[in-house]
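Sequence and predicted structure, then a few things I'm wondering about:
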Amino acid sequence: MNGDIEGAVRVAKAAKAFSWTWADEDVERFRSVVGWEFLGRNRESYSLATDLDVNIPHADVSCDGFLLRKYGGDRESILQISVYVTDIAKDQVEHLRQLFDQFSAQLTRELGEPDEKIAGEKIEWSTPSGIIALMGGAMSIHLEVVNPRYRKWGR
């Protein structure tokens, strides 16, 4: 099982420095900044190919303009971006826990102390531009960039 810690740090730093409007245009602007490829779009999401060294180099951009407008985000449509930062594999729980700790340590060195931490499951930083979270799962670890309005009202 592989994890791309350097790639995750690069994406987290780019997300922190990015001027988010959370509008559809941000997908193309952020994709360009991090060097990813556009794969497709449907009504509720964008699909992007990442350059991370994992077995499924993929990011999903979840959208719901109606929900965000309901809570005051008049031009906003992006809820969150979710990026695989490890391989997806079954029966690797212990290895995933070790990788999560390694990712957490490196991201904390780069982003500072997190605002929220649940050991082995979630670590989260609130930045002026959005929320950056590392999420552990049963088969992979992913990095999320979350619209603060969505976190506050939609989730």
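Looks like it arrived, so ask away.

report the longest helix in the protein, please.
Secondary structure assigned by DSSP state H gives helix 93-111 as the longest helix of the chain.

Run the chain-centre distance for that one.
15 Å (CA atoms, centre = their mean, to the nearest Å).

residues of that helix that come out buried?
96, 99, 100, 103, 104, 106, 107, 111 (16 or more other CB atoms under 10 Å). In short, each C-beta sits where N, CA and C put it, glycine included.

with those in mind, which one is nearest to residue 39?
Relative to residue 39, the closest of these is residue 103; by CB to CB it sits at 24.7 Å.

which helices and strands does the longest helix of the chain pack with?
helix 5-17, strand 122-127, strand 130-136, strand 141-146 (3 or more CB pairs under 8 Å, 6 or more residues apart in numbering; DSSP states H and E).

Contacts for that helix next, please.
1, 3, 5, 8-9, 12-13, 16, 85-86, 114, 117, 120-121, 123, 125, 127, 132, 134, 136-141 (CB atoms under 8 Å, 6 or more residues apart in numbering).

Quick one, which of the residues you listed are buried?
Buried, going by 16+ other CB under 10 Å: 1, 3, 5, 8-9, 12, 16, 85-86, 114, 123, 125, 127, 132, 134, 136, 140-141, out of the contacts of helix 93-111.

rewinding a little: would JSON lines of the helices and strands packed on helix 93-111 with distance to residue 25 and mean pLDDT be doable?
Below are these laid out as JSON lines (distance: least, CB to CB, whole Å; pLDDT from 0 to 100):
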{"stretch": "helix 5-17", "distance to residue 25": "16", "mean pLDDT": "97"}
{"stretch": "strand 122-127", "distance to residue 25": "20", "mean pLDDT": "94"}
{"stretch": "strand 130-136", "distance to residue 25": "15", "mean pLDDT": "96"}
{"stretch": "strand 141-146", "distance to residue 25": "15", "mean pLDDT": "97"}
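
Turn the ones you listed into a markdown table, including distance to residue 67.
Shown next, in a markdown table, are the helices and strands packed on helix 93-111 (distance: least, CB to CB, whole Å):
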| stretch | distance to residue 67 |
| --- | --- |
| helix 5-17 | 21 |
| strand 122-127 | 20 |
| strand 130-136 | 16 |
| strand 141-146 | 13 |
